[in-house]
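Visitor: quick one: sequence and predicted model below, then my questions.
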Amino acid sequence: MSRLPLQRRTLALLAVVLPLLALFIYVVLRSGPLAPVAVTVATAEQRSITPALFGIGTVEARTTYHVGPTVSGRVLRLSVEVGDRVTAGQVLGEMDAVDFDERLRAQAAAVQRAQAALKDAQARQQQAQTQATRYAELLAVRATSEEIATARQQDLASANAALAGSQAEVARLRAEQEALRTQRGQLRLRAPADALVTARLAEPGSTVVPGQAVVDLVDPNSLWVNVRFDQTSAAGLAAGLPAQVLLRSDVGAPLAARVLRVEPLADAVTEETLAKVVLASLPTPLPPLGTLAEVTIHLPELAAAPTIPNAALRRVDGKMGVWELGADGLRFAPLVLGQADLDGQVQVHSGLAEGARIVVYSEKELTARSNTHVVDRIVKGAP
């Protein structure tokens, strides 16, 4: 009589536990750690690609001019504004002459005094020459002593030396006078070439020193784009390649350009290769200096080779490769990669055969023991 209730309780308990256990197993297999990982796959295809390089740069001027005085002084006036176009030789401004005119007058007086001294030295030299010649003739006929004739020769030598000194002094003073005139002329700040005014670095009344710029100019015809390319994807970059430049300030059609040169020095900090790109024709109006530009450089088309989406690339244990989905399951295949294009395709040199199925996206990180099931697309947040 007592076994029947016990069996009933056991059966009732099993009726409750078994469905719960089945539900638990189902949940573990569907969404737990053992659940298969949803992946999307692609196939390595034999195809050619046209690789391209993409970089970000800024519009800069190749030729710039920093116009300033050669002597210390105060800015008297500036006659140009930022944005003005100037021609070669045009007066941009003027420095205060201060005492330059007085110094020029004093120098002119010094030159006159030296010239007067020179004339006196010339007269003395002529007199000494005459005396020396006369006493030499008298000595020849024994009408004077040799000592007197020698003294006249010494007087002539002294007169010649004095004349040479006077001539040198006049030359020195004239050179100083010319230098002062040149400095006086340089008080006018002139444009060295046809250019565009980009900055007024000092205003009237400011005191500046030699070498300090008062006005900055750039040659508007010398604009180029200073571009930076990631060193890991800059293979093939060379001078002369055609390029397209899209200015951030003008999102219209890209501008035709070409690579002028690849800089011999790269940026070791950012690991970027630098290049200069020149526009085929300058846009109107000119873009502001410093404008960001997106630069695309198309390289020659490559021969056909196994090609995969670069979105499939993963780094495992320090090696770059893909998860290959084969009949035996999942395995990581290290690859030797070639060049890539801007459509997200990259060629494979070795490590993967044509037709191989590879994982492009997965809903979670994969391992060699992961169970997978292929889906058309990964839905974010799906169970």
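Guide: Cool, got the structure.
Visitor: where do the strands of the stretch 51-200 of the chain begin and end?
Guide: Ranges of strands within the stretch 51-200 of the chain are 52-61, 64-67, 73-78, 85-86, 91-95, 188-190, 195-200, based on DSSP state E, counting those that start in this stretch.
Visitor: tell me the first helix or strand C-terminal of the last one.
Guide: Read it as strand 195-200. strand 207-208 (DSSP states H and E).
Visitor: packing partners of that following strand?
Guide: Under the contact criterion of 3 or more C-beta pairs under 8 Å, 6 or more residues apart in numbering; DSSP states H and E, strand 207-208 touches strand 73-78. Any C-beta I mention is one placed from the backbone N, CA and C, and that applies to glycine too.
Visitor: how far does the strand it packs on sit from the chain's center?
Guide: Between the centre of strand 73-78 and the centre of its chain there are 33 Å (C-alpha atoms, centre = their mean, to the nearest Å).
Visitor: now do the buried residues in that strand.
Guide: Neighbour-count burial for strand 73-78 flags 73, 75-76, 78 (criterion: 16 or more other C-beta atoms under 10 Å).
Visitor: thinking again about what came up before, just so I know, which of the strands of the stretch 51-200 of the chain lies nearest I358?
Guide: Closest to I358 of the strands of the stretch 51-200 of the chain, according to C-beta to C-beta: strand 52-61, at 23.0 Å.
Visitor: what comes into contact with the closest one?
Guide: Contact with strand 52-61 is made by 198, 218-220, 222-230, 233-234, 236-237, 247, 275, 277, 287-299, 341-342, as judged by C-beta atoms under 8 Å, 6 or more residues apart in numbering.
Visitor: rerun at 7 Å
Guide: If you take C-beta atoms under 7 Å, 6 or more residues apart in numbering as the criterion, strand 52-61 is touched by 218-219, 222-229, 233-234, 237, 277, 287, 289-299, 341-342.
Visitor: strand partners (parallel or antiparallel) of that strand?
Guide: Looking at strand 52-61 with DSSP bridges, its partner strands are strand 223-230 (antiparallel), strand 292-298 (antiparallel).
Visitor: ok, which of the ones you listed comes nearest E203?
Guide: E203 lies closest, by C-beta to C-beta, to one member of the strands paired with strand 52-61: strand 223-230, at 27.3 Å.
Visitor: for that closest one, output the C-alpha coordinates as PDB.
Guide: Provided in PDB are the C-alpha atoms of strand 223-230 (Å, rounded to 0.1, in the frame of the first residue of the first chain):
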ATOM      1  CA  LEU A 223      49.700  75.500 -54.100                       C
ATOM      2  CA  TRP A 224      50.100  71.800 -53.400                       C
ATOM      3  CA  VAL A 225      48.600  69.200 -51.000                       C
ATOM      4  CA  ASN A 226      50.900  67.800 -48.300                       C
ATOM      5  CA  VAL A 227      49.500  64.300 -48.000                       C
ATOM      6  CA  ARG A 228      50.100  61.600 -45.400                       C
ATOM      7  CA  PHE A 229      49.700  57.900 -46.300                       C
ATOM      8  CA  ASP A 230      49.800  55.000 -43.900                       C
END
